[in-house]
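Q: Have a look; sequence and predicted model below, questions after that.
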Amino acid sequence: MEKFNIAIDGPAAAGKSTVARLVARHLGFVYVDTGAMYRAVTWKALQAGIASDNKDELVRLAGSLQIELYPGEQAQQVILDGIDVTDLIRSVAVNQNVSAVAAVPEIRRLLVLKQQEMARAKGVVMDGRDIGTHVMPDAELKIFLTASVRERAERRYLEMKDKQEEVTLEQLEKDIAERDRMDEEREASPLVRADDAVLIDTSGMSVPQVAERILELAKTAAGKGIR
Ligand SMILES: Nc1ncnc2c1ncn2[C@@H]1O[C@H](COP(=O)(O)OP(=O)(O)O)[C@@H](O)[C@H]1O
Ligand SMILES: Nc1ccn([C@@H]2O[C@H](COP(=O)(O)OP(=O)(O)O)[C@@H](O)[C@H]2O)c(=O)n1
């Protein structure tokens, strides 16, 4: 199959990374989790004691960081200035601060340039919030994944319980709803479905069903001879 790009956007815990990884593996494409980049900056800011409203310091920090992404077995491996932060960036503290960091336009500009660089050679499945609208507006296939807040919180709860993270379902639901609100209401490339993105509501669907649906759409996109 000729190489092309797939953009997957949607709210928190909709299943974007899980299905993006499966789809990429199936097609032999590269998977890029852009949320991990915003999380890495946020983790470092928390470590450095920089408040999430101190924009100047946040931008300076983001510009000084070296973020490397590698395909991993379970999650994409994230190396920040030589340290493996793959698990550390999934903490409750990062969840609660990442949307404020991601709302800073200069930080977005820095990270989007890196993401566009990764997509240049094609054959990329990239997930995030602004991939179809800003990072890869010419992606041959765009998907907008969603599910009810309750279902998304339940999925994340099961995942975090497995990792022995101390968090209640109610707290997670609240955090997810707040993060969605901030991502949707920010000025700089807010979370919104691109006009040409296919909407998939994954409520009640299994992971393989969602991946299968996207692979079908990918086949059609490839069959169209790629825009
Ligand atoms: N369709 C689905 N049905 C049930 N669970 C799912 C589904 N898609 C994803 N999950 C689970 O939900 C959790 C969150 O998925 P994830 O891929 O991390 O979402 P996102 O990248 O959108 O934040 C994971 O534990 C994943 O296994
Ligand atoms: N392309 C992207 C990806 C993530 N983000 C931000 O980064 C946060 C974490 O993204 P994520 O994809 O890791 O979040 P989950 O959906 O996995 O919980 C989001 O809530 C957004 O604030 C963004 O602004 N733009």
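A: Perfect, thanks for sending it. Ligands and ions are numbered 1, 2, ... in the order given.
Q: For E184, the count of nearby residues, please.
A: Neighbour count of E184, defined by other Cβ atoms under 10 Å: 13. Yep, even glycine has a C-beta here, placed from its N, CA and C like the rest.
Q: What segments of this structure are strands?
A: Ranges of strands within the chain are 6-9, 30-33, 67-70, 77-80, 83-84, 124-128, 141-146, 198-201, based on DSSP state E.
Q: and the fifth one, which strands flank it?
A: Read it as strand 83-84. Using DSSP bridges, strand 83-84 pairs in its sheet with strand 77-80 (antiparallel).
Q: Give me the mean pLDDT for the strand it pairs with.
A: Mean pLDDT, strand 77-80: 96.
Q: coming back round to it: so for I214, which of the strands of the chain sits nearest?
A: strand 141-146 (5.9 Å; Cβ to Cβ).
Q: What residues does this structure have near ligand 1?
A: Proximity of the chain to ligand 1, by Cβ under 6 Å from any ligand atom, involves residues 10, 12-18, 155-156, 159, 202, 205-207, 210.
Q: if you set the cut-off to 5 Å instead, what comes out?
A: 13-18, 155, 159, 202, 205, 207, 210 (Cβ under 5 Å from any ligand atom).
Q: Please pull out the lowest mean pLDDT helix or strand from the chain.
A: helix 149-162 (a mean of 91; mean pLDDT, DSSP states H and E).
Q: Point out the residues in the protein that sit beside ligand 2.
A: Near ligand 2, when you scan the chain using Cβ under 5 Å from any ligand atom, you find 12, 34-35, 38, 98-99, 102, 128-130, 179, 183.
Q: just to revisit the earlier point, including mean neighbour count, could the strands of the chain go into a markdown table?
A: Formatted as a markdown table, the strands of the chain follow (neighbours: other Cβ atoms under 10 Å):
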| stretch | mean neighbour count |
| --- | --- |
| strand 6-9 | 28 |
| strand 30-33 | 22 |
| strand 67-70 | 15 |
| strand 77-80 | 19 |
| strand 83-84 | 13 |
| strand 124-128 | 28 |
| strand 141-146 | 24 |
| strand 198-201 | 16 |
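Q: between the ones you listed, which one is nearest to S52?
A: Proximity to S52 (Cβ to Cβ) singles out strand 77-80 among the strands of the chain, at 17.5 Å.
Q: Now find how far off-centre the closest one is within its chain.
A: 15 Å (Cα atoms, centre = their mean, to the nearest Å).
Q: Just the angle for the least confident helix or strand of the chain relative to strand 141-146, thanks.
A: 90 degrees (axes from the mean of the first three to the mean of the last three Cα atoms, to 10 degrees).
Q: what residues does helix 149-162 touch?
A: Residues outside helix 149-162 that contact it (Cβ atoms under 8 Å, 6 or more residues apart in numbering) are 11-15, 147, 167, 169, 172-173, 176-177, 180, 203-204.
Q: Please compute how far stretch 70-81 lies from its chain's middle.
A: Centre to centre, stretch against its chain (Cα atoms, centre = their mean), the figure for stretch 70-81 is 13 Å.
Q: actually stretch 88-104, not the one I typed
A: How far stretch 88-104 lies from its chain's middle: 12 Å, per Cα atoms, centre = their mean.
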